[in-house]
Structure formats: C-alpha cells, structure tokens
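K.L.:
mind looking at a prediction? Sequence and model below.
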Amino acid sequence: MGRETVLFKTEEKMSRKNAAELLHQIADKIDNGKVVLQQGNKNVKLKIPGRVELEIKAEKEVGRRKTKKKIEVEIEWLVGPDADK
C-alpha cells in the first residue's frame with residue numbers, strides 16, 4: 001500500500017439545501033472531467049478519467065451523549081496511461 005497525501009480538505013456546517021447544491025456542482029464537474037477545489041488562495045485541480053471507482057457508505061456512530069449518522073462518498077481513479085481501464 002502506498003503513501004497517502006491529503007491534497008485538499010474542508011469541513012463546514014451548512015443547510016441541507018446548500019449541501020445538496022454543492023454536491024450537484026461537484027457532480028457536474030466530475031461529469032465534465034475536471035474538478036477544481038478551492039479554499040482561499042489554495043486550489044487543487046483534478047482531471048477525472050472516463051472510468052472511476054465509486055464507494056458509498058452509510059455509518060452510524062453511537063456515543064455517550066449523542067448519535068451521529070453520516071454518508072461518505074469516495075471516488076477513486078488511476079493516474080497515467082491506465083487511467084481509463
């Protein structure tokens with residue numbers, strides 16, 4: 001297994017409607033094959049190939065005082081000549 005480097009990370013509270021709008025925007029960019037993530041003066045440009053691996057996971061975390069649920073969406077792809085395989 002290789003070394004992982006975090007290229008971009010953000011976390012913020014927002015309304016359900018705003019979260020859905022942001023996900024729609026990201027989905028449109030993935031469909032076009034290019035995603036630019038930006039926060040302040042830092043940005044990360046990602047070229048998305050024609051084939052990707054999609055993982056969707058729903059989790060429940062029960063704590064002492066509160067219970068949380070979450071949905072994780074992860075999209076992975078190969079980089080280089082094998083990207084579209």
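P.N.:
Here it is on my side, so go on.
K.L.:
can you get me a residue count around Ile48?
P.N.:
Counted with other C-beta atoms under 10 Å, residues neighbouring Ile48 total 16. All C-beta spots, glycine's among them, are computed from the backbone N, C-alpha and C.
K.L.:
tell me who's in contact with it.
P.N.:
The contact partners of Ile48, by C-beta atoms under 8 Å, 6 or more residues apart in numbering, come to Ile30, Gly33, Lys34, Val35, Ile75, Trp77.
K.L.:
for the third one, list each beta-bridge partner.
P.N.:
Taking DSSP bridges, one obtains Lys47 as the residues bridged to Lys34.
K.L.:
can you map out the helices along the chain?
P.N.:
Here the chain has its helices, by DSSP state H, at 16-32.
K.L.:
the most centrally placed residue in it and Leu54, how far apart?
P.N.:
By C-alpha atoms, centre = their mean, the chain has its centre lying nearest to Glu74, at 5.6 Å. Glu74 sits at a distance of 7 Å from Leu54 (criterion: C-beta to C-beta, to the nearest Å).
K.L.:
can you list the buried residues in stretch 70-80?
P.N.:
Trp77 (16 or more other C-beta atoms under 10 Å).
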